[in-house]
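Chemist: kindly generate the corresponding structure for this input.
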Amino acid sequence: MRTFGFSEFLFILEAAKWTVALSMIAFIGGAIGGLIIALSRTSDKPLLQALSGGFIQIFQGTPLLLQLFLVFFGAPVVGLEINPWVAAGVALILNSSAFLGEIWRGCIQAIPAGQWEAAQALNLPYLARMRHVILPQAFKIALAPTVGYMVQIIKGTSLAAIIGFAEVTRSGQIINNATFQPLIVFSVVAAIYFVLCWPLSLLAARMERRQAAALAR
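Modeler: Residues are numbered from 1 along each chain as shown. This is a model prediction of the structure:
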């Protein structure tokens, strides 16, 4: 039986790059999907509103772990070969799209009615109205909650260990199986997640305070 040492610590730490990479994939893909969802939710097309609303209900109303299982084990059923990287990326992108879409929908609808009326008075089409008038203002409101949600994405990547994706949690499981020292191993895993998430939490809180101070003026 091995003893937990510096090489084991480096093995877990090395896996942090895959946690960060998967988090970035989930955030970038989720940002693209979330913007589409938010624009659909705030459009004047009932069909788009219904479809985007249904998407949000499905992915917010089911556990991320179940979504990972459905993508990873469901793809081969329909004839698609898929590896843990792709399965984790797809599941996290879909999940992030739903949550970011709803966050950004709220930010868009938080823009004062006068701004919407002014854009309509200029006879701007919907996309131009959003691009030039609404979204630049909504972007400022959305910064803090978006950064805060990035923490949830990073923590959510830990579930990818269940399908064999070798990120921090999975690496911790491997080392624990070799050393049988779960307290030390998973304390290290928790510390790595804390180091990744804490700066984002501080940044989000700082943004919220600055935004509150700006609104109070």
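Chemist: from now on I want contacts and neighbour counts done on CA atoms only, so please keep to that.
Modeler: Fine.
Chemist: longest helix anywhere in this structure?
Modeler: Identified as the longest helix of the chain according to DSSP state H is helix 182-216.
Chemist: what mean pLDDT does that helix have?
Modeler: Mean per-residue pLDDT for helix 182-216: 90.
Chemist: show me what counts as buried in that helix.
Modeler: 184-186, 188-189, 192-193, 196-197, 200-201, 204-205, 207-208 (16 or more other Cα atoms under 10 Å).
Chemist: and stretch 77-88, what's buried?
Modeler: By neighbour count on 16+ other Cα under 10 Å, the buried set for stretch 77-88 is Pro84, Trp85, Ala87, Ala88.
Chemist: tell me the secondary structure at the closest residue in space to the first one that isn't next to it in sequence.
Modeler: Going back to what we said before, that points to Pro84. Excluding the flanking residues, the one nearest Pro84 by Cα to Cα, 6 or more residues apart in numbering is Phe165, at 5.3 Å. On the three-state scheme (DSSP: H, G, I helix; E, B strand; the rest coil), Phe165 is labelled coil.
Chemist: gap between Phe165 and Ala16?
Modeler: From Phe165 across to Ala16, the span is 12 Å (Cα to Cα, to the nearest Å).
Chemist: repeat that for Leu70.
Modeler: Leu70 is 25 Å from Ala16, by Cα to Cα.
Chemist: which of the two has more neighbours?
Modeler: Ala16 (21 against 13; other Cα atoms under 10 Å).
Chemist: show me the shaky parts of the chain.
Modeler: Within the chain, the stretches with pLDDT under 70 are 1, 215-217.
Chemist: could you pull out the strands for this protein?
Modeler: Read by DSSP state E, the chain holds no strands at all.
Chemist: quick revisit: how far does the longest helix of the chain sit from the chain's center?
Modeler: Put simply, helix 182-216 sits 15 Å off its chain's centre (Cα atoms, centre = their mean, to the nearest Å).
Chemist: please begin residue numbering at 876 from this point
Modeler: Okay, using 876 as the starting number, the last item reads as helix 1057-1091.
Chemist: output the contacting helices and strands for that helix.
Modeler: Here helix 1057-1091 touches helix 881-889, helix 1010-1031, helix 1043-1054, going by 3 or more Cα pairs under 8 Å, 6 or more residues apart in numbering; DSSP states H and E.
Chemist: TSV please, covering the ones you listed and showing mean neighbour count and distance to Val953.
Modeler: Output for the helices and strands packed on helix 1057-1091, formatted as TSV (neighbours: other Cα atoms under 10 Å; distance: least, Cα to Cα, whole Å):
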stretch	mean neighbour count	distance to Val953
helix 881-889	15	35
helix 1010-1031	18	26
helix 1043-1054	21	27
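Chemist: thanks again, I'm all set now.
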